[in-house]
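A.B. asks: the amino acid sequence is not available; the structure is as follows:
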């Protein structure tokens, strides 16, 4: 049983969840309301029991490989990529309708490391981040990947580019990295307090945000060199929920996290307000799309929010599996999650359909 009493299934790779729980406790961050922190601490070590069944007329399907997926992204040409456990890399050349699987590097020493994040700056340039400080870069739209030197061994949960040259990466124990030269050099900006940061977003070459434990939100206006605390950040505040995801469009931003907590800003993070939530499920991904906001998380939950609207967020459950990331390009959206789950919409989220791998 988890700290809040929820059931946890056997973790992958034979890792003992009790050992992981002890490690978290020793860091002084384990507390009852961290009901799903183990997943986002490693984004992999364990997951909530999932059946993969569909609800409310929505269809979903687990991949034949059933590899946990942690991140999804697209390039303007229509290609989509998803990454996950043990070097898993999936690609789709038909706007997410079908997917092919391959390992990121079968013969390389890092071929079996977990890949937590994939993001693209443009048609050609993108990054993957993962276990043990792993950073990979592509200059050909995802066809090939080259390892870059991060200089650290911490887990890197998210890497976000502002353009092909400027990017930030975040992870465990206060880790923040930034680059100004396309990743040729990654510069450390380790933060005091050694909090874990779970997500990052850059809106341009200079402005970026990171979120993490204890409701922490930080902002940079110089590409990652210096950081200002906008919210949370106090380890002693055990009531503060972990924030797992952040997204911005212009001055409008949204963060989401543990137990369905969602906050929004309309002034680049100077002020944050709580958004009434229709779920207590922890949420791991936030994306702006066509005047809407989609948030994905535990129990196959997808929240839909209309900025400035008067109604509470609507909710759908296209699957019972935990959804770890969601991405949109135009009216097409893809959400991925544990046990290889992939769900797709081609009408801006009005309906979500099953997809498969070949």
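C.D. replies: Noted; the coordinates are in hand. Note that the coordinates shown come from a computational prediction; the quantities given were computed from them, not determined experimentally. Residues are numbered from 1 along each chain as shown.
A.B. asks: contacts, neighbours, all on C-alpha from now
C.D. replies: Fine.
A.B. asks: which residues are in contact with residue 185?
C.D. replies: Residues near residue 185 by CA atoms under 8 Å, 6 or more residues apart in numbering: 149, 150, 179.
A.B. asks: can you count the residues close to the second one?
C.D. replies: Residue 150 is flanked by 24 other residues according to other CA atoms under 10 Å.
A.B. asks: ditto for the first one
C.D. replies: Each residue near residue 149 was counted by other CA under 10 Å, and the total is 13.
A.B. asks: make residue 1 into 568 and carry on from there
C.D. replies: From this message on, residue numbering opens at 568, which makes the last subject residue 716.
A.B. asks: if I look at it, how far off is residue 736?
C.D. replies: 13 Å (CA to CA, to the nearest Å).
A.B. asks: again with the second one
C.D. replies: Noted for residue 717: a distance of 10 Å to residue 736, by CA to CA.
A.B. asks: tabulate the contacts of residue 752 (JSON lines), appending distance to residue 837.
C.D. replies: Shown next, in JSON lines, are the contacts of residue 752 (distance: CA to CA, whole Å):
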{"residue": "716", "distance to residue 837": "34"}
{"residue": "717", "distance to residue 837": "31"}
{"residue": "746", "distance to residue 837": "25"}
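A.B. asks: so of those residues, which ones are in strands?
C.D. replies: Using DSSP state E, the members of the contacts of residue 752 that fall within strands are residue 746.
A.B. asks: can I get the contacts of residue 752 in TSV with distance to residue 642 and pLDDT?
C.D. replies: Shown next, in TSV, are the contacts of residue 752 (distance: CA to CA, whole Å; pLDDT from 0 to 100):
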residue	distance to residue 642	pLDDT
716	24	96
717	24	96
746	21	98
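A.B. asks: looking at the contacts of residue 752, which is nearest residue 907?
C.D. replies: Lowest distance from residue 907 to these (CA to CA) belongs to residue 717, with 28.2 Å.
A.B. asks: residues near the closest residue to the closest one other than its chain neighbours, how many?
C.D. replies: Once flanking residues are discounted, residue 717 sits nearest to residue 753: 5.7 Å by CA to CA, 6 or more residues apart in numbering. Here the number of neighbours of residue 753 (other CA under 10 Å) works out to 22.
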